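Trainee: Return atomic coordinates for the entry below.
(one chain, ligands or ions: 1)
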Amino acid sequence: MELRVTSGWRSADEQRQVVRDTITRYGSEQEAHRWVLPPEHSAHVQGLAVDVGPTEGAYWLDEHGAQFGLCRTYDNEVWHFEPVIDPGGTCPARHPDSTWGW
Ligand SMILES: [Zn+2]
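Mentor: Predicted coordinates:
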């Protein structure tokens, strides 16, 4: 099983670029907002999020992350984890997507 960090901390400028790139990729702000947050709400900008891969590794972390305090926080992002609990705790309910932050 392979598990790699594909993204971690981002500056606010980098996050703004990710937002622009995501809008370009999806061709609509409304769809892009399901997948990316503005800098003021992004856990990546706070240094409190990691994206992992490949998909098999992400599924492993979804199953075992709670013992390290890491939880998948979005239904639509199997790769995105945040340290939102104490190690060994129970992960909270996930957001459906990132539209809450816009
Ligand atoms: Zn992420």
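
Trainee: Using the three-state scheme, assign Q67.
Mentor: helix (DSSP: H, G, I helix; E, B strand; the rest coil).

Trainee: Contact partners for it?
Mentor: The contact partners of Q67, taken as C-beta atoms under 8 Å, 6 or more residues apart in numbering, are P87, G88. C-beta: built from backbone N, CA, C; applies to glycine.

Trainee: Please, which helix or strand holds the residue nearest to L3 when sequence neighbours are not counted?
Mentor: In this structure, L3 finds its nearest non-sequential neighbour in G57, 3.5 Å apart by C-beta to C-beta, 6 or more residues apart in numbering. Assessed by DSSP states H and E, G57 sits inside helix 55-64.

Trainee: Next: H41.
Mentor: Judged by DSSP H and E, H41 forms part of no helix or strand.

Trainee: Just give me the neighbour total for it.
Mentor: 13 (other C-beta atoms under 10 Å).

Trainee: For it, which non-adjacent residue is closest in space?
Mentor: Nearest non-adjacent residue to H41, counting by C-beta to C-beta, 6+ apart: G101, 3.7 Å away.

Trainee: one step back: you'd agree the residue nearest to L3 is up against R4?
Mentor: Yes: using C-beta atoms under 8 Å, G57 is in contact with R4, at 6.7 Å.

Trainee: and those two? which has more neighbours close in?
Mentor: G57 (18 against 10).

Trainee: for that one, what are its contacts?
Mentor: G57 neighbours (C-beta under 8 Å, 6+ apart): M1, E2, L3, R4.

Trainee: Now do it against H95, distance only.
Mentor: Per C-beta to C-beta, to the nearest Å, G57 is found 22 Å from H95.

Trainee: can you give me the helices in this protein?
Mentor: With DSSP state H as the criterion, the chain has helices at 12-26, 29-32, 55-64.

Trainee: Turn those into JSON lines, columns for mean pLDDT.
Mentor: Formatted as JSON lines, those follow (pLDDT from 0 to 100):
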{"stretch": "helix 12-26", "mean pLDDT": "98"}
{"stretch": "helix 29-32", "mean pLDDT": "98"}
{"stretch": "helix 55-64", "mean pLDDT": "98"}
